[in-house]
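K.L.:
with the input below, show me the fold.
(one chain, ligands or ions: 1)
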Amino acid sequence: MSDHLAMGPGREFDAVRALLAQWGPLARGVGDDGAVLDVPAGEKLVVSTDSTVEDVHFRREWLSADEIGWRATQAALSDLAAMGAAPLGVLLALTVPRAWREELPALASGIGAAMQQVGAAIVGGDVTDGDRLALAITVLGHAPRPLSRAGARRGDTLYVTGSLGGPGAALSAWLAGSTPDAAARARFARPEARIAAGLWLAQQGATAALDLSDGLAGDVAHLAAASGVACVLELDAIPCVPGASVDAALQSGEEYELLVAAPSLDTAAFAQAHGGLELTAIGRVEAVGTPPSGGAPSGSVQGSAAQPGVVRAERGGAPVALPGAHDHFAP
Ligand SMILES: [Mg+2]
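P.N.:
Numbering: from 1, shown residues only. The predicted structure is shown next:
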């Protein structure tokens, strides 16, 4: 039933055989020196890689092994969502220290569940010993017209999927030695790559997209810089999870929601097509050098009106200072 190649004897191969048996049809064509995949005619191959490392991206006491596997896989897949690509498969390079070896089936279960959710297969990888748990995940996808960060145009609207602030709230609670509330914890532990949303947005004419990994304040600046435009955020429009302030939502990283620029989108049709997931207009794209409406705000503003990459903020149409991007996790 499987199309894996038979492997010779050895402990490493025993571990791989056990993983493949556990994954069943979620892994395909493993055992050769490389994976061989078909890309639909006329489409582009989209490739991205992402690492999740113990004590850098998470701490052992925060998450179960199953959650670590799920989260690392969804985080990697999220880059395909941002590119408007459909997943073809993933390659896994797992560093599993002795202290984690008994947890390998649980880790594999989380990885497998994430692959099942997006309907793609594990097509190769590597398992090695090491001194801390690390998952290096390479994702392969295809798209007729991959989205870039660089395509936003003057007059576009900025949209974000979902609600922001959950992962930041969970992280703040853990780092303060307390327990995050269940909803915030779930947003950190069980993110979902917005694959279907990315495909829909690309089809509906999105001009630029990225997934929120640094936090909205920082990521919108990446989009503005790559596109050579200015972005204006309407702070009162930013969708926040219950209990999160706008400032916290702006700085919450590892959200894995999508930020997109597009001429105009039907947000009700988006929600209907995505099980109620919301798409919210949160700002607009302007030409570089456009002066702020209503004069200069008090306090500091990120960037300068003369440079591409400037981000401004408004409340009710009046300029306000934008809280800075925050490097939220330096252990
Ligand atoms: Mg990304």
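K.L.:
neighbours of the closest residue to the ion within the stretch 51-200 of the chain, how many?
P.N.:
For the stretch 51-200 of the chain, the residue closest to the ion is residue 79, as judged by Cβ to the ion, at 4.4 Å. Bear in mind the C-beta positions are built from the backbone N, C-alpha and C, glycine included. Look at residue 79: counted by other Cβ atoms under 10 Å, it has 23 neighbours.
K.L.:
pull the distance from the host helix or strand of it to the chain's centre.
P.N.:
Under DSSP states H and E, the secondary-structure element containing residue 79 is helix 65-82. The chain centre lies 8 Å from the centre of helix 65-82; the measure is Cα atoms, centre = their mean, to the nearest Å.
K.L.:
pull the CA atoms of it into PDB?
P.N.:
Output for helix 65-82, consisting of C-alpha atoms alone and laid out as PDB, is shown next (Å, rounded to 0.1, in the frame of the first residue of the first chain):
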ATOM      1  CA  ALA A  65       5.100  17.100  22.000                       C
ATOM      2  CA  ASP A  66       1.900  16.800  19.800                       C
ATOM      3  CA  GLU A  67       1.400  20.600  19.900                       C
ATOM      4  CA  ILE A  68       5.100  21.200  19.100                       C
ATOM      5  CA  GLY A  69       4.800  19.000  16.000                       C
ATOM      6  CA  TRP A  70       1.500  20.600  14.900                       C
ATOM      7  CA  ARG A  71       2.700  24.200  15.500                       C
ATOM      8  CA  ALA A  72       6.100  23.800  13.700                       C
ATOM      9  CA  THR A  73       4.400  22.200  10.700                       C
ATOM     10  CA  GLN A  74       1.600  24.800  10.500                       C
ATOM     11  CA  ALA A  75       4.200  27.600  10.900                       C
ATOM     12  CA  ALA A  76       6.100  26.300   7.900                       C
ATOM     13  CA  LEU A  77       3.000  25.800   5.800                       C
ATOM     14  CA  SER A  78       1.900  29.400   6.700                       C
ATOM     15  CA  ASP A  79       4.500  30.700   4.300                       C
ATOM     16  CA  LEU A  80       2.800  28.800   1.400                       C
ATOM     17  CA  ALA A  81      -0.500  30.400   2.500                       C
ATOM     18  CA  ALA A  82       1.200  33.800   2.300                       C
END
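K.L.:
what's the average pLDDT for that helix?
P.N.:
For helix 65-82, mean pLDDT is 98.
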